[in-house]
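Student: I'd like to go over a predicted model; first the sequence, then the structure.
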Amino acid sequence: MNRPSENFPSDSRLWGEIRSGARIGLRFFAGGVLVAVLVPAASTGAKAGSGTNQAPSQEVAPTIKVRVNVVQVRVVVRNVRGAPVENLKQDDFRLYDNGKLQAISGFAVESAASDGKQIEGAPDTALTGLTPSEEKAKAALPDRFVALLFDDLHLEDAEVAETREAANVFLNSMRPGDRVAMYSTSGTLAQEFSGDKDGLKRALLKLNARPKLTNDSHDCPRVSFYMAKQVETLHDSAAFELIVEEALDCAFSGDASMRPLAERMAKSAVQQAVSLGLMDYALTCDRIEAALKGLGRMPGQKTLVFVSPGVSLGADETRLLRIIDEANRMRIVMNSLDARGLYTGESSGATGTELNPQSTLYQGAEKTDQSVLLGELAYGTGGTYFRNSNDLGQGMKQLAGPPELTYVLIFTPQEMKKDGSFHKLRVELTGKGSYQIQARNGYYEEQKDANPQNLSAMEIEDALVAAREVQEMPLELQLKEVATTADTAQLTVITKLDIKDVAFPKVGDRRDNELLVVTAIFDEDGKSVQRQQRTFKLELTDETYDRLLRTGMMIKGDYAVKPGSYVVRFLVREVGEGKMSVRSGVVSMGKDETGK
């Protein structure tokens, strides 16, 4: 019979065996407290040999009950002066899904002070009782991740210089727990998450304006994607006439006899602008999605800042809505900064001449069209859209800094058809004055044929990297440094699960359930260095079940890591009802009490 690790006390009194091959070793600890040490029947790890309790057998993924779909809605409420409104409660909000009032089942308040962890009605899960070394490790370890995405495919040279200067304002204000990544839509800038200010500033020097997919100022006639859409999609004859007039002016010096040729040039330019514009929009969406994917793997509060002079929407606006849906699922706030600064409305045509009033009208409408993407990204995720200001440095510092006051509403949609349809959301305040409410405008249902196993894995991944802890079952976490050499430290992760809220239905003479356990270890830059997943099939006698109700169930794992500071996230999920708990801890391995 397998026995628990010899790291535990040796005064074993009783053993209970699980028929699947996984075993619960029952031991008396100091003071006569009886706990259980689980030895798994199967285990997988992202890194070979990452845990001492791994078994050679291949793990068969348990069939976990997927949670009822929940939708999270981030809400920012501002007064008439544009300042966030404080001290609102759950009862102050009304939430409508396709016009039907919904019951708000969860409510949270996030701010720079609460650091995204103030949850109404939730237990206090703050880390307490830390040693000086652990306190220092906690202060230096990342708790907030910011991805800066620069739209160098649309930024002009002057805007790039101002953008670099603005980004440096934020980098100079970074906190010890901040980790920043920088990307560009051209793909030429790809700086992964780091807390090294000097290194980030050096990487920022790579940011430059890049050749554009869309037509540039030297084309004749010059046709933007927006104007091409007016002609191609909306059949706007006035817009087409302006393009023809520009072709006559730039190619034939206004010679009216050349109008037939100018019309052919205009039609060709429109078709080319539509083709290039669709490619441009698709590439921009690709880069945003890639930045979200990288940011979504980070363990903590997550913010994406998109810096752009604006991008015209493509024909498939549903793609933008799905990007917003995915960001909300990963609990990422997206902020937008309009790099154009204060718009003056001064414009000229391709030949440098003053535009006529009608052309000026179209150009103003184009600026608005290019702002839609920036605004939707921010408003759809509870973020901020900074625009119409030349103080880009202040804007960058505001958007990349800790979040302003945000209310998070959670509800479970009723009568879901699971057909992938779009649901329109509306948020109101009850009995309040005149306020501006900023919230996502809708979400997509899951498809009916969605793989439950994939959905379950997605839920687990989201919970592991979320900023908050989850306590649907009482769970305690303890981290211990067992042994350290110059190059390697051994970390022991011990958890105690209170099973009073876990269902163990009777099957014959046993009480059955399964536990899925994941341990994830992240380094000082938020990178995942080890991950282990284990499954425990529990078939308990009534006697063993009664003991575990009184004493709790202990789960232990040993991990070899390099000396340094780490964040440990431990997740346990019971298969029967899908309940889940996640705890976080910090540890400084191979360092003395001063943190050195």
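Tutor: Sure, I can see it.

Student: which one is Leu95 nearest to, not counting chain neighbours?
Tutor: Distances taken as C-beta to C-beta, 6 or more residues apart in numbering place Gln102 nearest to Leu95, at 4.8 Å, with adjacent residues excluded. Just so you know, the C-beta spots here come from the backbone N, C-alpha and C atoms, and that holds for glycine as well.

Student: For the one you found, give its distance to Val70.
Tutor: For Gln102, the distance to Val70 equals 11 Å [C-beta to C-beta, to the nearest Å].

Student: picking that back up, residues near the residue nearest to Leu95, how many?
Tutor: Look at Gln102: counted by other C-beta atoms under 10 Å, it has 18 neighbours.

Student: Gly383 now?
Tutor: 27.

Student: again, but for Gly296
Tutor: Neighbour number of Gly296 under other C-beta under 10 Å is 20.

Student: residues touching the residue nearest to it when sequence neighbours are not counted, list them.
Tutor: In space, and not counting its chain neighbours, Gly296 is closest to Met330: 3.9 Å by C-beta to C-beta, 6+ apart. By C-beta atoms under 8 Å, 6 or more residues apart in numbering, Met330 lies in contact with 292, 295-296, 302, 462, 465.

Student: Of these, keep whichever come out buried.
Tutor: Among these, those that count as buried by neighbour count (16 or more other C-beta atoms under 10 Å) are 292, 295-296, 302, 465.

Student: Give me the local confidence score for Val408.
Tutor: Looking at Val408, its pLDDT reads 89.

Student: Would you mind listing the buried residues in whichever strand or helix holds it?
Tutor: Using DSSP states H and E, Val408 sits in strand 406-411. The neighbour-count check on strand 406-411 (16+ other C-beta under 10 Å) flags 406-409, 411 as buried.

Student: C-terminal to that strand, what's the next element?
Tutor: Per DSSP H and E, the helix or strand that comes after strand 406-411 is strand 422-429.

Student: could you give the angle of that next one to strand 406-411?
Tutor: 130 degrees (axes from the mean of the first three to the mean of the last three C-alpha atoms, to 10 degrees).

Student: Paired strands for strand 422-429, with orientation please.
Tutor: According to DSSP bridges, strand 422-429 forms sheet pairs with strand 93-97 (antiparallel), strand 442-444 (antiparallel).

Student: in the stretch 251-400 of the chain, which spans are helices?
Tutor: For the stretch 251-400 of the chain, applying DSSP state H, counting those that start in this stretch gives helices covering 259-296, 318-329, 357-379, 392-400.

Student: Return the distance of the longest one from the chain's centre.
Tutor: It stands for helix 259-296. 27 Å (C-alpha atoms, centre = their mean, to the nearest Å).

Student: any idea of the angle it forms with helix 357-379?
Tutor: 10 degrees.

Student: if we can go back for a sec, for Glu246, which of the strands paired with strand 422-429 is the nearest?
Tutor: Among the strands paired with strand 422-429, strand 442-444 comes nearest to Glu246, with 38.9 Å by C-beta to C-beta.

Student: State the mean pLDDT of the closest one.
Tutor: Here the average pLDDT along strand 442-444 is 82.

Student: continuing past it, what's the next helix or strand?
Tutor: Next helix or strand after strand 442-444 toward the C-terminus (DSSP H and E): helix 452-465.

Student: residues near Ala315, how many?
Tutor: Neighbourhood size, Ala315 [other C-beta under 10 Å]: 13.

Student: where's the residue nearest to it when sequence neighbours are not counted relative to Gln363, distance?
Tutor: Of all residues not flanking Ala315 in the chain, Leu278 sits nearest, at 6.9 Å (C-beta to C-beta, 6+ apart). Relative to Gln363, Leu278 is positioned 21 Å away (C-beta to C-beta).
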